[in-house]
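*Asks:* Below: sequence and its predicted model.
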Amino acid sequence: MEEKKEDIEKKEKEQEQKEKIQDEIQDEKIEEQKEDVKKEFKSFSQSAKSFFSELLNIKAGTDKEATAESIKKDISMKGQTAWILVFSIIIASIGLNISSPAVVIGAMLISPLMGPILGIGFSVGINDVDTLRSSLINFAVMVVLSIVTSFLFFSIPLFQQETPELIARTKPDVRDVLVAVSGGLALIIAVSRPTSRFNTVAGVAIATALMPPLCTAGFGLATGNINYFGGALFLFSINSTFIALAAFAITKYLRFPMLIYLNKTKRKRISQLAYTVATAILLFSIYLFYQLYIEERYFTQANNFIESIKDEGVNIIGKNNESIYYNENEIKLYVFGKKHDHKDISRWENSMSEFGLKNTELTILQSQGDSRVREDIDEIKNLYINSHKLLSAKEETISEKEERIRELEKDLRKYYKKEVLVGKLAEEIHINYEDVKELAFAREIKTNFKRIDTISVVYLKWKSKLEDKDRKSQEKKLKKWLEARLNIKNIRIRELK
């Protein structure tokens, strides 16, 4: 029995050893699999890193000598380059004047604006003071030539009407900065390639940020609108700064060789000057971008606030941006329709902090006409109440008063509707007939002692420059339009004395 017991214990020990050995083998396999996975992941990460490194690498294939030569060659604004600039500005001005993006893009394709600005950023990056001086001079020539050309074009009265494309270039925007930076980066990278096939496309990106503001500055100068001139020139300055900054950044990133001066003192002085200019441009760019960002955020918050008021059913005249005064830190709303009391206005003022407009002043301007009509209605209601109290014992008299009040309220509503309709008609006539100086509406009563007729009459006063033939033609058209618009026959048109 003891021998059998020993055999059993021996077999159990052997079985335990076998299981232990199998577990160790299994652990080793698992560790080997982990190592294989780690190696595969490491290999994959290295491959991915290598792929993206090659994909986004702009240093490989950079022809530094040819790039420097190409940039310096395109700086000059003389001869053919100057004439190409003049013609491209004329084409862009025409495109802005007729609000045609296609024409403006066509001008951008031939515009040589990129040379001097690219030269400024590049020369600062390599400490080349001579190239910097040449770039600044040609940049000034480019600006003056462009503004003079657009000024002469817009001096012609036929081309002095404001268009959405022109107005859009009178105020800087954060998106303009992004266009300028992206265009500047694309241009300097394209120029640094061995082939120049991308230069024209990148030049279009530069012209996108520069040509329209220059043309708009000329428009402002030609029409005597200093706000347009200053706003467009400010937008151009911002875009130029960011394009030069982008060129400087890529020049440094690609490690273009610095210009070496034999005179150590001169080399040190030029190096300090270059870094001072670069630092000033960088700080100025950061400041401008921050200011534009703050202004853009303010307009977004103010728009959201105005929309929240509109959602309550409040009728606001004009576009949202026309009600926002950023420099005055004020939102001025012109409201018509229902009269809003002090409680409503206080509630709106208290909610402004929720939109980030804590220090903004809210001004509500309400229609006085609506207030007058409401006062009349209130007066009628008071008359009704007083009459009801005084004549409560006389049902027949009360009934007559009630009927009279209802008629008055009905007449008042009709009067209000007519007043609103007349206002709309006057606005439509002013838009469609610019030569109308004054007008009046009347309903005349005519009788031949047998019957009485009511005649609708419109009195017009035309601008003195309008000839009789044109005036009669305009009156005929206006008469037909009014009869169709009001569904009234035989409207009379007469001269307003």
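*Replies:* Sure, I can see it.
*Asks:* mind listing the helices for the stretch 301-450 of the chain?
*Replies:* Remark: helices assigned in the stretch 301-450 of the chain by DSSP state H, counting those that start in this stretch are 342-351, 368-390, 395-432.
*Asks:* what about dumping the CA coordinates of the shortest one to PDB?
*Replies:* Presented in PDB, the C-alpha positions along helix 342-351 are these (Å, rounded to 0.1, in the frame of the first residue of the first chain):
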ATOM      1  CA  HIS A 342     -38.500  99.200 -19.800                       C
ATOM      2  CA  LYS A 343     -38.800  95.700 -18.500                       C
ATOM      3  CA  ASP A 344     -38.100  94.100 -21.900                       C
ATOM      4  CA  ILE A 345     -35.100  96.400 -22.500                       C
ATOM      5  CA  SER A 346     -33.700  95.700 -19.000                       C
ATOM      6  CA  ARG A 347     -34.100  92.000 -19.600                       C
ATOM      7  CA  TRP A 348     -32.100  92.200 -22.900                       C
ATOM      8  CA  GLU A 349     -29.400  94.300 -21.200                       C
ATOM      9  CA  ASN A 350     -29.000  91.700 -18.400                       C
ATOM     10  CA  SER A 351     -28.700  88.900 -21.000                       C
END
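*Asks:* Show me this protein divided up by domain.
*Replies:* With automatic domain parsing as the criterion, the domains of the chain are listed as 1-55, 64-259, 368-428, 433-497.
*Asks:* burial of residue 152, as a residue count?
*Replies:* 15 (other Cβ atoms under 10 Å). All C-beta spots, glycine's among them, are computed from the backbone N, C-alpha and C.
*Asks:* Who are the packing partners of the helix or strand where it lies?
*Replies:* For residue 152, the element it lies in under DSSP states H and E is helix 129-154. With contacts taken as 3 or more Cβ pairs under 8 Å, 6 or more residues apart in numbering; DSSP states H and E, helix 129-154 sits against helix 80-97, helix 114-126, helix 199-223, helix 264-310.
*Asks:* of the ones you listed, which approaches residue 170 most closely?
*Replies:* With Cβ to Cβ, the closest approach to residue 170 among the helices and strands packed on helix 129-154 belongs to helix 199-223: 6.1 Å.
*Asks:* where does the stretch 251-400 of the chain dip in pLDDT?
*Replies:* Scanning the stretch 251-400 of the chain with the threshold set as pLDDT under 70 gives 260-264, 266-268, 270-271, 274-275, 277-278, 281-282, 285, 337, 367-380, 387-400.
*Asks:* The same query, at a cut-off of 80, please.
*Replies:* Counting by pLDDT under 80, the stretch 251-400 of the chain shows low-confidence ranges at 258-289, 292, 313-322, 334-341, 365-400.
*Asks:* before we move on, the earlier item: check the helices and strands packed on helix 129-154 for me and report the most buried one.
*Replies:* helix 114-126 (a mean of 26; mean count of other Cβ atoms under 10 Å).
*Asks:* Comparing the domains of the chain, which comes out most buried?
*Replies:* domain 64-259 (a mean of 19).
*Asks:* now it: how far from the chain's centre is it?
*Replies:* In terms of Cα atoms, centre = their mean, to the nearest Å, the centre of domain 64-259 is set 20 Å apart from its chain centre.
*Asks:* Distance across that domain, terminal residue to terminal residue?
*Replies:* 13 Å (Cα to Cα, to the nearest Å).
*Asks:* try stretch 89-103
*Replies:* Distance between the two ends of stretch 89-103: 11 Å, counting by Cα to Cα.
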